[in-house]
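J.: no sequence on hand, only this structure:
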């Protein structure tokens, strides 16, 4: 009897492991992460980010990164020159998940890779950006490697990743942890060619405020907004998840950002349904795509 129970327990455990692996793969494929993540560097002398960095905590938790990533895309759309570069040089409508995979690989190599892997990934991004130049709809030339535009993209991503994690992440971050994350990301920003990136949460918020006079939703931005809102998922479950994550990213934005995006504020629905439902979804996803061990 004892051996039978042990065999049954082993079979059940193996079946659960296979289920988790299959669901893990399906979830990652659904959001464009079709390749295995880059290997983690656990050598403190070789790692680009410190092994105890806050960036490793935030970037390793997929559910809030999905919310923060969507939010950062919407906010980046508000700069007409950044959006012009995406519209004129990106194939986001033909291959949206491919672009997401490239972004995920960049985050993976810089967060968990060696210094040489991180620098190689940075050089690839800068090389791609070198040809992304043109004229925006206001007649002003733009260049993707312009430190000013890089600063806007950096501020949008850092702000939304941090905001989403503080709301839905596993680890409760202190204000000191949040400042440390902004400082860690500032070091990456410097290697990307930015000038004087923010090194604290207060400085990050001030940076975003300084961009406000430049922001508006261009026609290209409106097209991209609608494309992301409607999503590219085919199945009803995937479409429902996309709907929830998009609305949750809106719930994390400021009123003035939503106004520029042309999105209606829904504070009651957000508080009573969107945010609690997203918190539950994050917990469910985390069962199958857990954060890496600290």
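T.: All right, it came through fine. Since this is a predicted model, take the numbers as computed values, not measurements.
J.: the stretch 101-250 of the chain: strands as residue ranges?
T.: 133-135, 141-143 (DSSP state E, counting those that start in this stretch).
J.: now do the contacts for the most centrally placed residue in the chain.
T.: Central residue of the chain (CA atoms, centre = their mean): residue 69, 2.7 Å from the mean position. Residue 69 is in contact with 100, 103, 157, 160-161, counting by CB atoms under 8 Å, 6 or more residues apart in numbering. For the C-beta atoms, the positions are set from N, CA and C on the backbone; glycine is no exception.
J.: make it 7 Å
T.: If you count contacts by CB atoms under 7 Å, 6 or more residues apart in numbering, residue 69 has none.
J.: tell me which helix or strand comes right after the helix or strand where it lies.
T.: Residue 69 is part of helix 62-76, with elements assigned from DSSP states H and E. For helix 62-76, the following helix or strand on the C-terminal side (DSSP H and E) is helix 80-89.
J.: counting by contacts, list what that next one packs against.
T.: Packing partners of helix 80-89 (3 or more CB pairs under 7 Å, 6 or more residues apart in numbering; DSSP states H and E): strand 141-143, helix 147-168, helix 219-230.
J.: how about the ones you listed in CSV, adding distance to residue 193, mean pLDDT and mean neighbour count?
T.: Supplementary listing: the helices and strands packed on helix 80-89 in CSV, determined by distance: least, CB to CB, whole Å; pLDDT from 0 to 100; neighbours: other CB atoms under 10 Å:
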stretch, distance to residue 193, mean pLDDT, mean neighbour count
strand 141-143, 11, 96, 16
helix 147-168, 6, 97, 22
helix 219-230, 24, 94, 16
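J.: a markdown table please, covering these and showing distance to residue 175.
T.: Shown next, in a markdown table, are these (distance: least, CB to CB, whole Å):
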| stretch | distance to residue 175 |
| --- | --- |
| strand 141-143 | 35 |
| helix 147-168 | 10 |
| helix 219-230 | 31 |
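J.: among these, which is nearest residue 200?
T.: helix 147-168 (11.2 Å; CB to CB).
J.: now do the closest one: which elements does it pack against?
T.: helix 54-59, helix 62-76, helix 80-89, helix 175-191, helix 201-211, helix 275-288.
J.: thank you kindly, that will do.
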